[in-house]
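Novice: Let me see the structure of the following:
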Amino acid sequence: MQKLRLRYAKRGRLRFTSHRDVARTFERALRRAGVPMAYSQGFSPHPKISWIGAAPTGVASEAEYVEISVVEAVDPARLAAALDEALPPGIDVLESVVAGPGGLAERMEASRWRIELPGVPVDDLRDAVAKLLAEEHVEVERLTKDGRRLIDARPAVIRAEVLDSADSLSGVGIDMPVDSPPYGILMAVVRQTTPAVRPDDVLSALRVVAALEPPVPAKATRMAQGRLDDDGVLSDPLALDRAATAG
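Specialist: Coordinates of the predicted model:
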């Protein structure tokens, strides 16, 4: 049995697709692509697929990961091409590698988020981010299936900087109007804690510390996942797998 690790993107309108629907779509695409999947034992066998976290519904991503097990050796590049062809536009397989030693989930320590805020002036966003980083704790309210709860969003925010949409490539993985006036873009590295601090929690924290109220919904895209180095930079979680294959 061979294990492969895939990085895929969730783009455009498919950012509104739930993780359950993405998982079902992947299973159908694996069948259509003729991937020789390994199956679990028992009364109701299911394909051996392991999801490594999932972006929240409504959020785009360039860095989602999944592991699959197959019963015969396959070429990772050919598998990626065949699976990408079988998936709908907006769910795009970006890379496939043979799994090396060690678990993939343990390499996912933090995410880098790009949060576009149309209608929010760059200087206003910079001021709000500076106030957030100056705090040690910022509690925000989240609505869960068990009711409302408070979480401390500030410790999870490792780094944050503000870009100007006029100077930056905008619309990564999302639909943005081409004639939109300049606005602020928040680039944030957020540690994957329990409970997870999501992009909307970071925005709630900006609302708490600076009364920042975007006039239209923000558009968030996960740009990367990985381990944090001493400078708060994320490592590539598939680098060890590539090195093991090359070795």
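Novice: What pLDDT is listed against the closest residue in space to Pro47 that isn't next to it in sequence?
Specialist: With sequence-adjacent residues excluded and distances taken as CB to CB, 6 or more residues apart in numbering, Pro47 is closest to Met37, at 4.3 Å. Heads up, the C-betas are built off the backbone N, CA and C, glycines and all. Note for Met37: predicted pLDDT of 95.
Novice: for Met37, what are its contacts?
Specialist: 30, 47-49, 68-71 (CB atoms under 8 Å, 6 or more residues apart in numbering).
Novice: Let's see that with 7 Å instead.
Specialist: Residues near Met37 by CB atoms under 7 Å, 6 or more residues apart in numbering: 30, 47-48, 68, 70.
Novice: Quick check: of these, which has the highest neighbour count?
Specialist: When neighbours are taken as other CB atoms under 10 Å, the top entry among the contacts of Met37 is Ile68 (23 neighbours).
Novice: distance of that one from Ile49?
Specialist: 5 Å (CB to CB, to the nearest Å).
Novice: cool, Ala38 as well?
Specialist: Taken as CB to CB, the span from Ala38 to Ile49 is 10 Å.
Novice: Next: Leu228.
Specialist: 27 Å.
Novice: So which residues of this protein form strands?
Specialist: Ranges of strands in the chain, per DSSP state E, are 2-10, 49-52, 60-70, 91-98, 110-117, 139-144, 147-152, 157-164, 184-191, 219-226.
Novice: Ala23 is nearest to which of those strands?
Specialist: strand 49-52 (6.6 Å; CB to CB).
Novice: Show residues contacting that closest one.
Specialist: Outside strand 49-52, the residues that touch it by CB under 7 Å, 6+ apart are 23, 26, 65-68, 104-105, 108.
Novice: go again using 6 Å as the cut-off
Specialist: Applying CB atoms under 6 Å, 6 or more residues apart in numbering, the contact partners of strand 49-52 are 65-68, 104-105.
Novice: Then stretch 16-29?
Specialist: 54, 57-58, 83, 86-87.
Novice: among these, which ones are buried?
Specialist: Neighbour-count burial (16 or more other CB atoms under 10 Å) is assigned, among the contacts of stretch 16-29, to 54, 58, 83, 86-87.
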